[in-house]
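> starting from these lines, generate the structure:
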Amino acid sequence: MDRTPQPFRLLPGAGRSPVLLHVPHSSRVIPEAVRGGIELDDRALRIELDHITDAHTAELAAAAADGATVTPWRFVNGLSRLVIDPERFPDEREEMLAVGMGAVYTRTTHRERLRHPDVAAQPLIDRYFHPYAAAMTAAVADRLAVVGRAVIIDVHSYPTEPLPYELHGAGPRPPICLGTDDFHTPPELLAVAEKAFAGFGGTGIDSPFAGTYVPLRYYGKDPRVSALMIEIRRDLYMSEPGGPSGAGLTALAIALARLTDALPLSGLPG
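Coordinates of the predicted model:
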């Protein structure tokens, strides 16, 4: 494992772009100190990372940024979500606590034990979760100050077949799932995304994964912050689980670039 991994990166885009491509789950990197608290042996950990990692989504976001006419900003998690999951609530509001997957996971995708019960979550939250949240909050604040609005596009992927940890895995699994929030996802943003991703066999809303990420400072409070989650079914662009990407990645990057280019011109609040 990398001894000095970079926990996250903010990659600048065009000064006039309101768009932040957020890539929280693409990394497999686990610092050595955190690895010691995970009970899985190396083989089992590799298998778990194959299932839990949104593989190649950082490359997808990078290709989209390169192909966009107005370059979006990118905020990329450099660590695995097995370190902390920056998109969870860090308290009892988080529904995934029911399956041991709050901000600090204690169970695997197959509901097996990941960490010993004696491993304290709070030091991991203090060391990794709060700095990440502060940096993402600052990135949004910068876009608000410069452009007057921010549009967070959350870039994820999900497996073709449901995994045991999924709380809502019995619903539809469309090629593209668009996760929304009643406050932060205006109809205009959803419509632009549906148009951009229309060529992949269908889009669905909030199934099998719902919601989207907004820093807590703005969550449910500031309508100038819009947000949408893009969940891409993995068979569109890679071999599952955890295999190489394929030709579909390029087409998806073009669609994501098309979406980001449409947003500075759209009728979103701000």
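
> what ranges do the strands span in the protein?
8-11, 19-23, 73-77, 150-158, 176-179, 203-205, 225-233 (DSSP state E).

> tabulate those (TSV), appending distance to residue 211, mean neighbour count and mean pLDDT.
Every residue, glycine included, has its C-beta placed from N, CA and C. Compiled in TSV, the strands of the chain are given as follows (distance: least, CB to CB, whole Å; neighbours: other CB atoms under 10 Å; pLDDT from 0 to 100):
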stretch	distance to residue 211	mean neighbour count	mean pLDDT
strand 8-11	21	16	98
strand 19-23	13	26	98
strand 73-77	17	23	98
strand 150-158	9	24	98
strand 176-179	5	23	98
strand 203-205	11	17	98
strand 225-233	7	25	98
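
> adding distance to residue 185, write those strands out as a markdown table.
Converted to a markdown table, the strands of the chain look like this (distance: least, CB to CB, whole Å):
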| stretch | distance to residue 185 |
| --- | --- |
| strand 8-11 | 23 |
| strand 19-23 | 14 |
| strand 73-77 | 18 |
| strand 150-158 | 10 |
| strand 176-179 | 8 |
| strand 203-205 | 9 |
| strand 225-233 | 5 |
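
> between those strands, which one is nearest to residue 261?
strand 19-23 (9.0 Å; CB to CB).

> out of the strands of the chain, nearest to residue 64?
strand 19-23 (6.9 Å).

> packing partners of the closest one?
Strand 19-23 sits against helix 57-67, strand 73-77, helix 130-147, strand 150-158, helix 248-262, with contacts defined as 3 or more CB pairs under 8 Å, 6 or more residues apart in numbering; DSSP states H and E.

> what residues does stretch 173-186 touch?
With contact meaning CB atoms under 8 Å, 6 or more residues apart in numbering, stretch 173-186 is reached by 154, 156, 158, 160, 162, 190, 193-194, 197, 200-212, 214, 219-220, 223, 225-233, 236, 268-269.

> any idea how far residue 205 lies from residue 20?
Counting by CB to CB, to the nearest Å, the gap from residue 205 to residue 20 is 21 Å.

> what of residue 154?
9 Å.

> over to residue 8?
12 Å.

> between the two, what contacts are shared?
Joint contacts of residue 8 and residue 20 (CB under 8 Å, 6+ apart) are residue 75.

> what's the burial count for residue 140?
Counted by other CB atoms under 10 Å, the residues lying close to residue 140 total 26.

> which residue packs closest to it, ignoring adjacent ones?
residue 150 (4.7 Å; CB to CB, 6 or more residues apart in numbering).

> how about that neighbour, what does it touch?
Contacts of residue 150 by CB under 8 Å, 6+ apart are 18, 20, 140, 143, 144, 224, 225, 226.

> for the first one, grab phi and psi.
Residue 18 has phi and psi values of phi -90, psi 0 when expressed as degrees, to the nearest 10.

> hang on, it packs against residue 145?
No: counting by CB atoms under 8 Å, residue 18 does not reach residue 145; the two are 11.3 Å apart.

> neighbour-wise, which of these two wins?
residue 18 (28 against 9).

> show me where pLDDT drops low in the stretch 101-250 of the chain?
The model of the stretch 101-250 of the chain has no residue with pLDDT under 70.

> which strand residues bridge the nearest residue to residue 11 once chain neighbours are set aside?
Of all residues not flanking residue 11 in the chain, residue 74 sits nearest, at 4.1 Å (CB to CB, 6+ apart). Beta-bridge partners recorded for residue 74 (DSSP bridges): residue 11, residue 21.

> relative to residue 100, how far out is the residue of the chain most remote from its centre?
Distance from the C-alpha centroid of the chain, by CA atoms, centre = their mean, peaks at residue 118 (28.4 Å). Using CB to CB, one gets 15 Å for the distance from residue 118 to residue 100.

> do residue 55 as well
Distance from residue 55 to residue 100, by CB to CB: 22 Å.

> which of those two has more neighbours?
Applying other CB under 10 Å to residue 55 and residue 100 shows that residue 55 carries more neighbours, namely 25 against 17.

> that one touches residue 246, doesn't it?
No: judged on CB under 8 Å, residue 55 makes no contact with residue 246 at a distance of 11.5 Å.
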